[in-house]
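*Asks:* what follows is a predicted protein model with its sequence.
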Number of protein chains: 2
Amino acid sequence: MTVSKTAAAPAKASRTRTPRPARKQPPIQPTAESPALQLGELSDLLGYSLKRAQLKVFEDFLHCVAPLQLTPAQFSVLILLDRNPGRNQTEIASTLGILRPNFVAMLDGLESRGLCTRMRSSNDRRSHVLVLTDKGRAVLARAKKLVARHEARLNELIGPDNRAALLQMLATIAREF
Amino acid sequence: MTVSKTAAAPAKASRTRTPRPARKQPPIQPTAESPALQLGELSDLLGYSLKRAQLKVFEDFLHCVAPLQLTPAQFSVLILLDRNPGRNQTEIASTLGILRPNFVAMLDGLESRGLCTRMRSSNDRRSHVLVLTDKGRAVLARAKKLVARHEARLNELIGPDNRAALLQMLATIAREF
DNA sequence: GGGTGTTTGATATGGTGGATAACAATTATC
DNA sequence: GATAATTGTTATCCACCATATCAAACACCC
């Protein structure tokens, strides 16, 4: 597994963000002479399972949405641009927890792919109003469908009710912890 | 909050791993003229909440265990060394999802702090048997208590039953997704 | 209206984690 | 005993995160 697109990116595109391959490394299967290690209190550490689960989910996300070459972060930006027209970089970045300096290169990538554009605001000529292009909207629409299949797999794994409860708990932690 | 230990690390210690500060950036409070942005389908994206929750939990972990200067990854290594004596670097690293090359510097850090040691195996003189030192065991014991308080806060937030269910779902995702 | 301070996008830079290739020493295999 | 595989290691690259700083534009305020 792990879908290593090893022989992909050929030319090292000048400025576009390459959406990283994923990890390899054979998931060691405990043989007879070397049984599985004891995780100890790690199995009860919420942060540990959280991280592990997050990595798996992101990995599957990348795999599902690979045809569109979108990372989770890029996808989240497109969603926000679609739902919040007229906002500037600071607003979009900060709601996603992205620092403004780091958001610049990210936008460069999306803009160079023709998915969105920066327009100088007429009210405040410092800020850029971010707008999805038609292509951006089209890509987002296709991405949503691929992501839906990704989420469906999760639904299938843990069940719809559990998924809703899980989502709510995670949101609570993210909000109030 | 966010416990930025800005003025801490004074001398840029030669080789020791500095356990990173944490993010700053004021959690923008929606003022009157700029209401909160719409997250749209992001609120239903499991990966999004997963990532957000994971960051919060790790942040709190770092804060709680700050007196011992242990990162989640380092803590997990200490736990594994304690529970699995006689194992080598490859085994410890791979069960934690750490690539062997990256595990070298990590072990260097722990060893330079006197928390563990590498011993050449007599059976296989290529491999290093990893052992916790007494100091390592002591630090681990103290760390466990600090981590317990960290986990207790989570318990308090979402409730013991929910926490158990959450843990199980995350483990399922990490295992079978 | 002009100085002072702030905000916005941007650049430069450093740190940290993750991933691959390659290597010497050692061991396994045949 | 030659060949292949494994172990720890180094070097290197890329992605992500964080800080300081800057010019342009704006806000304020006397």
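*Replies:* Noted; the coordinates are in hand.

*Asks:* contacts only, for the spatially most central residue of chain A.
*Replies:* The C-alpha lying nearest the average C-alpha coordinate of chain A belongs to residue A:72 (Cα atoms, centre = their mean; 1.1 Å). When contacts are counted by Cβ atoms under 8 Å, 6 or more residues apart in numbering or on different chains, residue A:72 touches A:58, A:61, A:62, B:47, B:48, B:51. The C-beta positions use only the backbone N, C-alpha and C, and glycine is treated the same way.

*Asks:* got it, and residue A:83?
*Replies:* Residue A:83 neighbours (Cβ under 8 Å, 6+ apart): B:37, B:38, B:39, B:40.

*Asks:* before we move on, what about residue A:133?
*Replies:* The contact partners of residue A:133, by Cβ under 8 Å, 6+ apart, come to A:114, A:115, A:116, A:117.

*Asks:* give me the buried subset of those.
*Replies:* The neighbour-count test (16 or more other Cβ atoms under 10 Å in any protein chain shown) marks A:115, A:116 as buried among the contacts of residue A:133.

*Asks:* is it possible to export the contacts of residue A:133 to TSV including distance to residue A:160, secondary structure and pLDDT?
*Replies:* Shown next, in TSV, are those (distance: Cβ to Cβ, whole Å; DSSP: H, G, I helix; E, B strand; the rest coil; pLDDT from 0 to 100):
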residue	distance to residue A:160	secondary structure	pLDDT
A:114	37	coil	97
A:115	32	coil	98
A:116	33	strand	98
A:117	38	strand	98
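
*Asks:* among the contacts of residue A:133, which one sits closest to DNA strand D?
*Replies:* Proximity of those to DNA strand D was ranked by Cβ to the nearest atom of the strand; the top entry is residue A:115 with 15.6 Å.

*Asks:* quick one: secondary structure of the nearest residue to that closest one once chain neighbours are set aside?
*Replies:* In space, residue A:115 comes closest to residue A:136 once its chain neighbours are excluded; the distance is 3.7 Å by Cβ to Cβ, 6 or more residues apart in numbering or on different chains. Residue A:136 carries the three-state label helix when classified by DSSP: H, G, I helix; E, B strand; the rest coil.

*Asks:* just residue A:97 next, same as before
*Replies:* At residue A:97 the chain is in coil, as set by three-state DSSP.

*Asks:* just the pLDDT for it.
*Replies:* Among the per-residue scores, residue A:97 holds a pLDDT of 97.

*Asks:* hang on, it packs against residue B:55?
*Replies:* Yes. Counting by Cβ atoms under 8 Å, residue A:97 sits close enough to residue B:55 to count as a contact (7.5 Å).

*Asks:* show me which of those two is the more surrounded one.
*Replies:* residue B:55 (19 against 15; other Cβ atoms under 10 Å in any protein chain shown).

*Asks:* next helix or strand past the helix or strand containing that one?
*Replies:* Using DSSP states H and E, the element containing residue B:55 is helix B:46-64. Proceeding C-terminally, helix B:46-64 gives way to helix B:72-83 as the next helix or strand, assigned by DSSP H and E.

*Asks:* quick one: average pLDDT of that next one?
*Replies:* For helix B:72-83, the mean confidence score works out to 98.

*Asks:* what angle separates it from helix A:46-64?
*Replies:* 120 degrees (axes from the mean of the first three to the mean of the last three Cα atoms, to 10 degrees).

*Asks:* hmm, helix B:72-83 touching DNA strand D?
*Replies:* No. Contact between helix B:72-83 and DNA strand D is absent, the nearest approach being 12.5 Å (criterion: Cβ under 7 Å from any atom of the strand).

*Asks:* go through that helix and flag the buried ones.
*Replies:* Along helix B:72-83, the positions that meet the burial threshold by neighbour count (16+ other Cβ under 10 Å) are B:72, B:73, B:74, B:75, B:76, B:77, B:78, B:79, B:80, B:81, B:82.

*Asks:* ok, now stretch A:125-140?
*Replies:* Using 16+ other Cβ under 10 Å as the test for burial, stretch A:125-140 gives A:127, A:128, A:129, A:130, A:131, A:132, A:133, A:136, A:137, A:139, A:140.

*Asks:* just to revisit the earlier point, and the two most separated of the contacts of residue A:72?
*Replies:* Pairwise distances among these were taken by Cβ to Cβ; the largest, 14.1 Å, belongs to A:62 and B:48.

*Asks:* those two - which one has more neighbours?
*Replies:* Of the pair residue A:62 and residue B:48, residue B:48 is the one with more neighbours under other Cβ under 10 Å, namely 25 against 21.

*Asks:* list the contacts for the residue nearest to the more buried one when sequence neighbours are not counted?
*Replies:* Leaving out its chain neighbours, the residue that sits closest to residue B:48 by Cβ to Cβ, 6+ apart is residue B:42, at 5.0 Å. Residue B:42 sits next to A:76, A:79, A:80, B:48 when contact means Cβ under 8 Å, 6+ apart.

*Asks:* biggest separation within the residues you listed, which pair?
*Replies:* Between any two of the contacts of residue B:42, the greatest separation by Cβ to Cβ is 11.0 Å, found for A:80 and B:48.
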